[in-house]
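Asks: next comes the sequence, and after it the predicted model I'd like to discuss.
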Amino acid sequence: MSLKNAYLKSVMEGLKARNGHEKEFLQAVEEVLESLEPVVEADPRYEQQNIVGRIVEPERAILFRVPWVDDNGVVQVNRGYRVQFNSAIGPYKGGLRLHPTVNLSVIKFLGFEQIFKNALTTLPMGGGKGGSDFDPKGKSDGEIMRFCQSFMNELYRHIGPDTDVPAGDIGVGAREIGYLFGQYKKLRNEWTGVLTGKGLSYGGSLARTEATGFGLCYFADAQLHDNGQSFEGKRVVISGSGNVAIYANQKCTQLGGKVIAMSDSNGYIVDENGIDYKVIQEIKEVKRARIKTYLDYVPTAKYVEGCSGIWTVACDIALPCATQNELDEEGAKALIANGCIGVFEGANMPCTPEAITAIKGAGLMFSPAKASNAGGVATSGLEMSQNSGRISWTFEEVDAKLKNIMEGIYKACADAAEKYGMKGDIQAGANIAGFLKVADAMLWQGIC
Ligand code: GLU
């Protein structure tokens, strides 16, 4: 699909001219703009005030040096990023990613997605994202700590509980958040809820760890039910084995599904008896080992080298929970050929545009990440509320709020799609509903 509306087309062309090499960022923007044609045509203010031209430009992008000393005494240097994309509806909010593939394009695509995702949660959070090309794989605890401290030595001057509240993403979990928080507190000499995903002993929220995976399943369940289906008795394939994938496994198993395949960046496992999330949790979170070691626990399972083949495993429901552009057209075609009924995104932008076209074209259910993986950041919002109120809710309270938020997001997307003549198109509905909230706030706040 290409843009027909002259205003949106000119915004996209201008963006391409200025950021031609930022392919992930341009992909994320184009995907949103394609849904906004009926919206800008229905209300001339978006064009008059150039809301779209402003929303695609980050308010601020910070790029910094991160020097640290490895265990051999060698001085290493990485590049740090924080893109503060949009603060119309709240402080910048979004995770930090540590992965060798991180560059400005990746952080901008993630920050851009975060604007609409955060708006969909209904909580007052703007959009931002950050990270570094540091590779945590194979690093010792000491190296991770020294890197995180050095990263915070610069980041602390740009963030704060009412300014910008980072959290985890790929490569940043409880351990890294702890080191980042400790350094922030030391530098500022103040205890605040400046990061989310904190440990439970120092201000973290119960259910934050599980939230993205649980939220994905609550969302998928709502969409499945709306289409006369459920997880009950379904074969589920989940790519990835990080935080999102592990807890998506736990929740969809509780909802009656059977998870038969999971992966990491080396390969995937297939276990026809169903993969117990606790085993993956031990392999990944305790041992920090490769998914291949699943065979030590379940010798009857199968391991296949290379992760992209996971979509050829016959399933009813696919939950891509690994990383961007992991499910391409070929993967989508394999899913369709095997009778899959729905693809629900758990990672950020895991499906390529061609894959989405194939999935939707074949009539499968599809949910975009900015809606279906919003449970993590939504629960970060609940962590912020608990921190500023100096209170803490029980697991059940947070989980119930999360479920409520995810069902609300599904309804908001479905309603927006219907209102703009695209009934059932949850992808378009998510873009429209997220955009309308932020755009309305920007209209109120003038040209700034
Ligand atoms: N990294 C997560 C996301 O992509 C969570 C961000 C947060 O909790 O701030 O939404």
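Replies: Perfect, I can see it now. Numbers count the residues shown, from 1 in each chain.

Asks: for the helix or strand encompassing residue 150, what is the average pLDDT?
Replies: Residue 150 belongs to helix 141-155 when assigned by DSSP states H and E. Averaging pLDDT along helix 141-155 gives 98.

Asks: got the residues of this protein near the ligand?
Replies: Where the chain comes near the ligand, counting by C-beta under 6 Å from any ligand atom, the residues are 93-95, 117, 167, 169, 196, 348, 376-377, 380. C-beta coordinates here come from the backbone N, C-alpha and C atoms, glycine included.

Asks: quick check: the farthest pair among the residues you listed?
Replies: Pairwise distances across these peak at 16.8 Å for 196 and 348 (criterion: C-beta to C-beta).

Asks: what bits of the chain have low per-residue confidence?
Replies: Counting by pLDDT under 70, the chain contains low-confidence residues at 1.

Asks: please point out which parts of stretch 148-165 sit buried.
Replies: Residues 148-153, 155-156, 158-160, 164-165 are the ones in stretch 148-165 that count as buried (16 or more other C-beta atoms under 10 Å).

Asks: just stretch 22-36 next, same as before
Replies: The neighbour-count criterion (16+ other C-beta under 10 Å) identifies 22, 24-36 as the buried residues of stretch 22-36.

Asks: cool, stretch 263-282 as well?
Replies: For stretch 263-282, using 16+ other C-beta under 10 Å, the buried residues are 263-264, 267-271, 275-277, 279-281.

Asks: do the same with stretch 97-115
Replies: 97-99, 102-115.

Asks: give me the subset of those lying in helices.
Replies: Among those, the residues falling in helices (DSSP state H) are 104-115.

Asks: relative to the ligand, how far out is residue 143?
Replies: For residue 143, the distance to the ligand (C-beta to the nearest ligand atom, to the nearest Å) stands at 22 Å.

Asks: give the contact list for that residue.
Replies: With contact set as C-beta atoms under 8 Å, 6 or more residues apart in numbering, residue 143 has these partners: 68, 70-71.

Asks: looking at those residues, which one is closest to the ligand?
Replies: Compare each of those with the ligand using C-beta to the nearest ligand atom and the shortest gap goes to residue 68, at 22.7 Å.

Asks: for the closest one, give the beta-bridge partners.
Replies: residue 76 (DSSP bridges).

Asks: and for stretch 298-305, what are the contacting residues?
Replies: By C-beta under 8 Å, 6+ apart, the surrounding residues in contact with stretch 298-305 are 266-271, 273, 275, 279, 291-292, 294-295, 310.

Asks: and with 7 Å instead?
Replies: Outside of stretch 298-305, the residues within contact range by C-beta atoms under 7 Å, 6 or more residues apart in numbering are 266-271, 292, 294-295.

Asks: ok, residue 215 touching residue 374?
Replies: Yes. Contact criterion C-beta atoms under 7 Å: residue 215 and residue 374 qualify, at 6.5 Å.

Asks: related to what we said a few turns ago, take the buried residues of stretch 263-282 and keep only those in strands.
Replies: Here DSSP state E is the test, and these give 263, 267-270 as lying in strands.

Asks: and the residue of the chain that's closest to the ligand?
Replies: Here the chain gets closest to the ligand at one residue, residue 95, 2.8 Å apart by C-beta to the nearest ligand atom.

Asks: would you mind finding the longest helix in this protein?
Replies: Taking residue count as the measure and DSSP H as the definition, the longest helix of the chain comes out as helix 395-419.

Asks: hey, what's residue 304 bridged with?
Replies: residue 268.

Asks: list buried members of the residues of the chain next to the ligand by neighbour count.
Replies: Taking 16+ other C-beta under 10 Å as the criterion, what is buried in these is 93-95, 117, 167, 169, 196, 348, 376-377, 380.

Asks: of all the residues you listed, which comes closest to residue 43?
Replies: residue 117 (22.4 Å).

Asks: you'd agree the closest one is in a strand?
Replies: No. Counting by DSSP: H, G, I helix; E, B strand; the rest coil, residue 117 is not part of a strand but helix.

Asks: tell me the contacts of it?
Replies: Taking C-beta under 7 Å, 6+ apart as the definition of contact, the neighbours of residue 117 are 370, 374, 377, 434.

Asks: please identify which pair of the residues you listed lies farthest apart.
Replies: Largest pairwise distance in the contacts of residue 117, by C-beta to C-beta, is 12.2 Å, between 377 and 434.

Asks: phi and psi next, for the closest residue in space to residue 351 that isn't next to it in sequence.
Replies: Closest residue in space to residue 351, ignoring its immediate chain neighbours: residue 327 at 4.7 Å, by C-beta to C-beta, 6 or more residues apart in numbering. As for residue 327, its main-chain torsions (degrees, to the nearest 10) stand at phi -120, psi 110.

Asks: where do the strands sit along the stretch 1-150 of the chain?
Replies: Assigned strands in the stretch 1-150 of the chain, in chain order: 60-69, 75-86, 92-98, 127-132 (criterion: DSSP state E, counting those that start in this stretch).

Asks: highest average neighbour count across those strands?
Replies: Per-residue neighbour counts averaged over each of these give the maximum for strand 127-132, namely a mean of 30 (mean count of other C-beta atoms under 10 Å).

Asks: got the CA positions of that strand in PDB?
Replies: Taking only C-alpha atoms (Å, rounded to 0.1, in the frame of the first residue of the first chain), the coordinates of strand 127-132 have been written out as PDB:
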ATOM      1  CA  GLY A 127       7.100   8.300  24.100                       C
ATOM      2  CA  GLY A 128      10.800   7.700  24.300                       C
ATOM      3  CA  LYS A 129      13.400   5.000  24.000                       C
ATOM      4  CA  GLY A 130      17.100   4.500  24.500                       C
ATOM      5  CA  GLY A 131      19.900   2.000  24.600                       C
ATOM      6  CA  SER A 132      23.300   1.100  23.400                       C
END
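
Asks: give me the contacts around that strand.
Replies: 66, 78-86, 92-98, 102, 107, 110-111, 114-115, 118, 151, 164, 166, 169.
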